[in-house]
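Asker: Model the structure of this input:
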Amino acid sequence: MTMHRPVELVNYDREWPVAFQRIRAKLAALLPQALAIDHVGSTAIPDMTAKPLIDIDIVLPGLEHIESATQVLLSENYEPRGNRYDDQVWAFLSRDSLPAERVYLCPVGNGTHRNRLAFRDYLIAHPEAAGEYAALKRRLAAEFKMDGDRYTAEKREFVDTIVTRALTGGG
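Answerer: Model prediction:
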């Protein structure tokens, strides 16, 4: 069995949006071709329990921009984490910054990016669903403390349900 870092959840930190704005400004200067730089993930949802990690989607004009953007991120000491979700999303991690940053490169029109924004926006607009998600995360973090992959996989059904509601206008 491969040992993983423990799943660490913390209470919402009001500095996360401030940190995102700082990181966004840095990334916008590094990647002027970016069409959007969006704060996604639990740290983008007010009062959400989260891993202390700022998740950021960088939307590029097309697949042809991924390689040059990758080179820029590598030169800034971001660790490549591979093509994620089988949806043309390339992940990078920077542990050097506080809070840590996980950056995703994706082409315009990407389904994963669309779904992340829909999930984030739905939970912001529906505090009761956000509360259910926070409770689920705490339970799974306790159950899968040393298995981050399983922790993430076990959230999938809830996430998919919320994304479907968000995209179909269900309340």
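Asker: Which parts of this protein are helices?
Answerer: Using DSSP state H, the helices of the chain run over 16-30, 66-75, 111-125, 127-143, 148-168.
Asker: any idea which of these is most buried?
Answerer: Neighbour counts (mean count of other CB atoms under 10 Å) averaged over each of the helices of the chain peak at helix 111-125, with a mean of 18. The way it works is simple: take the backbone N, C-alpha and C, and place the C-beta from them, glycine included.
Asker: That helix to helix 148-168, inter-axis angle?
Answerer: Angle, helix 111-125 to helix 148-168, by axes from the mean of the first three to the mean of the last three CA atoms, to 10 degrees: 80 degrees.
Asker: as a whole number, average confidence for helix 111-125?
Answerer: Regarding helix 111-125, the rounded mean pLDDT is 97.
Asker: ok, now stretch 63-72?
Answerer: On average, stretch 63-72 scores 96.
Asker: Contacts for that stretch, please.
Answerer: Here stretch 63-72 makes contact (CB atoms under 8 Å, 6 or more residues apart in numbering) with 30, 31, 33, 34, 58, 60, 80, 88, 90, 92, 105, 107.
Asker: run the last query once more with 6 Å
Answerer: Residues from elsewhere that reach stretch 63-72 (CB atoms under 6 Å, 6 or more residues apart in numbering): 30, 31, 33, 60, 105, 107.
Asker: re earlier: can the helices of the chain go into a markdown table with extra columns for distance to residue 48?
Answerer: As requested, those are exported to a markdown table (distance: least, CB to CB, whole Å):
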| stretch | distance to residue 48 |
| --- | --- |
| helix 16-30 | 9 |
| helix 66-75 | 26 |
| helix 111-125 | 7 |
| helix 127-143 | 6 |
| helix 148-168 | 13 |
